[in-house]
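Enquirer: after the sequence you'll find the predicted model.
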Amino acid sequence: MNQLPHTQEEICKLIPQREPFILVDKIIEFQPNKIVGGFTIPEKHVLVTPQGFLTEAGIIEHFAQTIALFQGYDYFLKNQPAPVGYIGSIKNIEIKSLPKAGEELVTTIDILNRMLGVTMVKGVVTQNGEIIATGEMRTVVVSEMKESGLK
């Protein structure tokens, strides 16, 4: 891949999630401490309501998967397989509105700190240029914690 991954197949190689639970479909921008990822919400998804809105849990999971996408692409650039990680904590999440199916989410994740397998981030989720969610999250990469002697 000389350019940023842009197919579902390429994206799926970078994250541990699998259908029907995928909530990212593109990398828009990648920097050493930042990623901008996107997701076009399908009408049929386990986290889309019968009324056609992505749930709060879906927005939070999209946020977390954007972090996983950052980590997976970072590992890819180092010729390593995508890591498995978990949400360690969620802080100051504010969800202002729920997006409808068919809309694209664009999420910017800024990496605040990475140490011993723990990544701390601040993020903003937008839809059509409007902020719909903000928050902070910590994720844990299992292999990095084991390497550091923490379990």
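Expert: Here it is on my side, so go on.

Enquirer: from now on I want contacts and neighbour counts done on CA atoms only, so please keep to that.
Expert: Will do.

Enquirer: which strands and helices sit next to the lengthiest helix in the chain?
Expert: In the chain, taking DSSP state H as the definition, the longest helix is helix 56-77. For helix 56-77, the helices and strands in contact under the criterion 3 or more CA pairs under 8 Å, 6 or more residues apart in numbering; DSSP states H and E are strand 34-40, strand 85-95, strand 104-115, strand 130-141.

Enquirer: turn those strands into TSV, columns for mean pLDDT and distance to residue 20.
Expert: Rendered in TSV, the data for the helices and strands packed on helix 56-77 read as follows (pLDDT from 0 to 100; distance: least, CA to CA, whole Å):
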stretch	mean pLDDT	distance to residue 20
strand 34-40	97	14
strand 85-95	95	18
strand 104-115	97	18
strand 130-141	97	22
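
Enquirer: beta-bridge partners for residue 127, please?
Expert: Note on residue 127: beta-bridge partners residue 105, residue 130, judged by DSSP bridges.

Enquirer: right, and it touches residue 102 too?
Expert: No. No contact is recorded between residue 127 and residue 102 when judged using CA atoms under 8 Å, the distance being 10.9 Å.

Enquirer: these two: which has the busier surroundings?
Expert: residue 127 (19 against 13; other CA atoms under 10 Å).

Enquirer: that older thread, got JSON lines for the helices and strands packed on helix 56-77, with mean neighbour count and distance to residue 63 too?
Expert: Putting the helices and strands packed on helix 56-77 into JSON lines (neighbours: other CA atoms under 10 Å; distance: least, CA to CA, whole Å) gives the following:
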{"stretch": "strand 34-40", "mean neighbour count": "21", "distance to residue 63": "9"}
{"stretch": "strand 85-95", "mean neighbour count": "14", "distance to residue 63": "10"}
{"stretch": "strand 104-115", "mean neighbour count": "20", "distance to residue 63": "7"}
{"stretch": "strand 130-141", "mean neighbour count": "20", "distance to residue 63": "9"}
